[in-house]
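*Asks:* just coords:
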């Protein structure tokens with residue numbers, strides 16, 4: 001099997017126009033319409049990689065529109081399919097950007113098309129931490145270990161749990177969850193693009209509000225940050241005052257509860273992207 005290259009593509013065009021160059025598949029997935037993009041391609045052309053830049057036509061698993069821009073997310077075989085993106089730019093004139101990385105071989109880069117010119121540039125590859133999923137330079141990891149743990153997660157694992165009385169919100173978080181929220185806040189202060197997994201899911205048992213909280217701000221222990229869905233069809237990322245959340249009561253007078261069965265499977269940004277598409281927070 002080939003190594004897989006992760007592609008995050010942004011196109012300066014609305015989704016309905018981009019869809020004219022895609023073919024719908026099952027389960028809400030798509031692929032590029034190569035025969036429309038490459039008129040010279042025969043139906044059984046074996047040289048797909050020579051035209052598209054990748055071994056196979058990738059399956060597009062993520063499609064989203066925001067502010068007249070379309071975002072696509074997919075994995076391509078071995079290398080990014082920048083040949084396909086170049087041809088799309090040539091035919092439409094749209095500005096197209098692709099941020100790609102290949103974890104297996106440890107390379108990453110950007111591919112930008114604008115005003116009739118396309119340019120590819122390499123950039124340093126930052127591996128993901130096995131604990132927090134943050135992306136950090138290689139020097140933040142210990143070599144020759146079974147797991148890849150960043151410098152700050154190693155420090156967290158080395159420190160003993162704080163006393164229970166240092167968790168000021170026992171009605172919202174466990175001691176371990178509070179500690180992880182604080183640690184994520186410290187990491188985001190050092191790495192602005194750090195996208196942690198949510199630590200805790202809170203909800204109103206007698207209402208429709210839900211919160212996925214990922215961190216507590218490093219400079220304000222009363223403010224958390226996460227994905228908030230108040231049940232109005234417009235979930236959003238934002239800050240949450242923990243004092244207000246702790247005191248909040250629903251229509252039957254019940255306090256906010258913690259979902260004891262919640263296990264995070266994606267980063268906060270990935271949950272948010274999905275929620276913007278569906279209009280509700282889904283876990």
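*Replies:* Nice, thanks for sending it over. Source: prediction; values computed, not measured. Numbers count the residues shown, from 1 in each chain.

*Asks:* scan the chain for its longest helix.
*Replies:* helix 175-190 (DSSP state H).

*Asks:* just the helices in the stretch 151-283 of the chain please.
*Replies:* Taking DSSP state H, counting those that start in this stretch, the helices of the stretch 151-283 of the chain run over residues 151-158, 175-190, 242-247, 268-278.

*Asks:* can I get the ones you listed in a markdown table with distance to residue 102, mean neighbour count and mean pLDDT?
*Replies:* For the C-beta atoms, the positions are set from N, CA and C on the backbone; glycine is no exception. Formatted as a markdown table, those follow (distance: least, C-beta to C-beta, whole Å; neighbours: other C-beta atoms under 10 Å; pLDDT from 0 to 100):
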| stretch | distance to residue 102 | mean neighbour count | mean pLDDT |
| --- | --- | --- | --- |
| helix 151-158 | 24 | 15 | 66 |
| helix 175-190 | 25 | 19 | 87 |
| helix 242-247 | 40 | 14 | 93 |
| helix 268-278 | 20 | 18 | 89 |
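
*Asks:* make CSV out of those and add distance to residue 19.
*Replies:* Shown next, in CSV, are the helices of the stretch 151-283 of the chain (distance: least, C-beta to C-beta, whole Å):
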stretch, distance to residue 19
helix 151-158, 41
helix 175-190, 35
helix 242-247, 40
helix 268-278, 14
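
*Asks:* quick one: closest of the ones you listed to residue 51.
*Replies:* Closest to residue 51 of the helices of the stretch 151-283 of the chain is helix 268-278 (C-beta to C-beta; 30.1 Å).

*Asks:* which residues touch the closest one?
*Replies:* The contact list for helix 268-278 (C-beta atoms under 8 Å, 6 or more residues apart in numbering) reads 62, 64, 66, 71, 195-198, 212, 214, 226-227, 229, 235-237, 266, 281-283.

*Asks:* and for stretch 232-251?
*Replies:* Under the contact criterion C-beta under 8 Å, 6+ apart, stretch 232-251 has outside partners 168-169, 171-172, 202, 204-207, 211, 213, 216-217, 222-229, 255-256, 268, 272, 275-276, 279-281.

*Asks:* now list the buried members of the residues you listed.
*Replies:* 169, 172, 202, 204, 207, 211, 213, 216-217, 224-229, 256, 268, 272, 275-276, 281 (16 or more other C-beta atoms under 10 Å).

*Asks:* which of these fall in strands?
*Replies:* The strands, defined by DSSP state E, take in 202, 211, 213, 216, 224, 225, 226, 227, 228, 229 from the buried ones among the contacts of stretch 232-251.
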